[in-house]
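Visitor: Let's see this in three dimensions:
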Amino acid sequence: MQKTLNIITENVGKIRPDSVEEYIKIGGFEALKKAMAMHPLEVIEEIKKSKLQGRGGAAYPTGIKWEQAYYVDKNPKYIICNADEGEPGTFKDKVILDYLPLRLIEGMTIAAYILNSPKGFIYIRGEYPESQKIVSSAIKQAEKMGYLGDNILGTGFSFHIEVLSGAGAYVCGENSALVESSEGKSGRPRIKPPFIKNSGYLGMPTLVNNVETFACVPYIVKEGGEKFAGYGTEFSGGTKLVCLSGNVKNRGVYEVPFGITLRELIYEIGGGLPEGRKLKFVQLGGSSGPCIPESMLDTKICYKDLKSKGLTLGSGAILVVDDSNCIIDFLKCITEFFYHESCGKCTPCREGNKQLLALVNKFINGNATYNDLDTIKKVGQIMKEAAFCGLGETAATAHLSLIKYFEEEFIEHINRKCRVNVCNFGGDKDGKR
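Guide: Below is the predicted model of the structure:
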């Protein structure tokens with residue numbers, strides 16, 4: 001199996017991002033022309049054949065999602081691209097935004113044609129100001145050349161895209177919170193149902209997909225769903241952009257076929273760990289993802305294989321952590337992040353993150369007991385089962401998985417021992433160091 005591919009990332013860095021002329025020379029907008037000559041349901045059928053699943057983390061089948069939106073009998077329908085990318089360790093969407101924004105625009109316009117949508121938004125996180133400028137310029141150029149805006153390609157179909165800037169809230173990565181923020185409201189998740197496919201932006205049917213998901217669409221339409229699916233496994237179609245970071249030699253964004261193992265990704269593509277360090281664990285899907293030991297690295301990057309082991313790929317972030325790191329110190333960073341990012345709407349998340357931080361600080365300071373270890377498990381499980389949205393449901397994922405695989409280090413901290421001597425057991429009860 002070829003370890004890396006360039007299906008979605010082909011021509012990254014080879015053309016000017018906002019140049020329609022250069023994009024056309026590499027086959028750009030051919031998929032849009034083809035789609036507009038097909039019946040919308042024919043396009044949807046190709047998406048279904050591709051086995052494309054949402055690349056933002058939820059992994060919902062894209063073809064089914066589009067089909068459901070198509071049959072909603074209510075207009076107008078809106079298209080929103082989730083480019084918030086707030087998950088720590090995730091930076092793959094930025095590659096598309098900065099180098100291939102016209103590919104994203106083409107994918108969104110195909111979706112708009114299918115749903116007869118007049119308006120779309122690209123919600124880009126506020127921390128990506130340069131990306132916002134690049135995408136805005138690409139939109140203007142596409143409108144100027146007739147591939148976006150009024151009367152696209154002389155067909156009478158019109159579709160406009162507007163760039164929206166996020167304000168840095170992690171919770172806005174959740175689709176309904178993103179819709180709320182797009183309307184100018186506080187970014188907090190909505191009660192569901194109704195689902196946003198029925199009542200989203202301004203109460204109208206709304207399709208929300210990730211940057212990478214939309215970027216896959218032109219290839220699928222142009223080359224066919226079966227060809228795209230052929231690059232992956234029986235259960236996971238196509239390729240996946242993964243973000244390799246942490247204690248690994250070759251950090252970066254890689255496009256890999258589904259079916260490659262985590263070990264191949266880290267040691268063959270990533271070049272292994274630097275300075276002869278030993279692997280301690282790997283975190284999948286960013287700070288909200290599970291942490292796994294070296295013994296699980298032969299797991300394939302495939303939605304079914306990962307699920308069978310209780311794991312998720314999430315956004316595609318792969319964080320490599322070596323033996324120079326303390327598990328408790330690592331957890332403190334994650335817990336502080338979610339404590340800060342909780343929108344406070346629901347009690348399990350608002351209070352759960354607060355309690356987790358207090359408990360982790362007890363381990364940091366050498367004040368923890370076995371009862372505290374059990375309490376982390378209980379609080380984490382309650383959050384997982386009772387939180388209102390994905391933030392609260394996954395905020396304790398790292399805690400629970402690290403306790404599952406590395407409980408002995410928690411016990412060592414109860415006995416005031418830290419393997420790498422980074423924890424200050426002389427700290428005060430509030431966790432100040």
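
Visitor: rest of the way, CA atoms for contacts and neighbours
Guide: Noted.

Visitor: you'd agree residue 86 is up against residue 174?
Guide: No. In terms of C-alpha atoms under 8 Å, residue 86 does not count as a neighbour of residue 174; the distance is 10.2 Å.

Visitor: And the helix or strand encompassing residue 356, how far out from the chain middle?
Guide: Secondary-structure element containing residue 356, defined by DSSP states H and E: helix 347-365. Averaging C-alpha coordinates over helix 347-365 and over its chain gives two centres that are 25 Å apart (C-alpha atoms, centre = their mean, to the nearest Å).

Visitor: Could you count how many residues lie near residue 242?
Guide: Here the number of neighbours of residue 242 (other C-alpha atoms under 10 Å) works out to 23.

Visitor: hmm, back to that, contacts for the helix holding residue 356?
Guide: Among residues not part of helix 347-365, those counted as contacts by C-alpha atoms under 8 Å, 6 or more residues apart in numbering are 328-329, 331-332, 335-336, 338-339, 342-344, 368, 372, 376, 379-380, 382-383, 386-388, 391-393, 395, 410, 413-414, 423-431.

Visitor: any idea how far residue 72 is from residue 183?
Guide: 21 Å (C-alpha to C-alpha, to the nearest Å).

Visitor: For the helix or strand where residue 330 lies, output the C-alpha coordinates as PDB.
Guide: Mapping residue 330 onto the secondary structure by DSSP H and E places it in helix 327-341. As requested, the backbone C-alpha atoms of helix 327-341 are provided in PDB (Å, rounded to 0.1, in the frame of the first residue of the first chain):
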ATOM      1  CA  ILE A 327       1.000  12.000  32.100                       C
ATOM      2  CA  ILE A 328      -0.500  14.200  34.900                       C
ATOM      3  CA  ASP A 329       1.300  17.300  33.600                       C
ATOM      4  CA  PHE A 330      -0.100  16.500  30.100                       C
ATOM      5  CA  LEU A 331      -3.600  16.100  31.600                       C
ATOM      6  CA  LYS A 332      -3.300  19.500  33.400                       C
ATOM      7  CA  CYS A 333      -2.900  21.300  30.000                       C
ATOM      8  CA  ILE A 334      -5.900  19.500  28.500                       C
ATOM      9  CA  THR A 335      -8.100  20.100  31.600                       C
ATOM     10  CA  GLU A 336      -7.200  23.800  31.700                       C
ATOM     11  CA  PHE A 337      -8.100  24.100  28.100                       C
ATOM     12  CA  PHE A 338     -11.600  22.600  28.400                       C
ATOM     13  CA  TYR A 339     -12.200  24.400  31.600                       C
ATOM     14  CA  HIS A 340     -11.600  27.600  29.700                       C
ATOM     15  CA  GLU A 341     -13.500  26.600  26.600                       C
END
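
Visitor: and that helix with helix 347-365, angle?
Guide: 150 degrees (axes from the mean of the first three to the mean of the last three C-alpha atoms, to 10 degrees).

Visitor: name the helices or strands packed onto helix 327-341?
Guide: Counting by 3 or more C-alpha pairs under 8 Å, 6 or more residues apart in numbering; DSSP states H and E, the packing neighbours recorded for helix 327-341 are helix 347-365, helix 397-414.

Visitor: Out of these, flag the one nearest residue 11.
Guide: Between residue 11 and those, the shortest separation by C-alpha to C-alpha is 36.2 Å, and it involves helix 397-414.

Visitor: which secondary structure elements does the closest one contact?
Guide: Checked by 3+ C-alpha pairs under 8 Å, 6+ apart, helix 397-414 has strand 291-292, helix 327-341, helix 347-365, helix 370-386 packed alongside it.

Visitor: now for those, which one comes closest to residue 81?
Guide: The stretch from the helices and strands packed on helix 397-414 with the least distance to residue 81 (C-alpha to C-alpha) is helix 327-341; that distance is 21.6 Å.

Visitor: avg pLDDT for the closest one?
Guide: Per-residue pLDDT over helix 327-341 has a mean of 97.

Visitor: what residues does it touch?
Guide: Contact with helix 327-341 is made by 169-171, 287, 350, 353-354, 356-357, 360-361, 363-364, 391, 395, 398-399, 402, 409-410, 422-423, as judged by C-alpha under 8 Å, 6+ apart.
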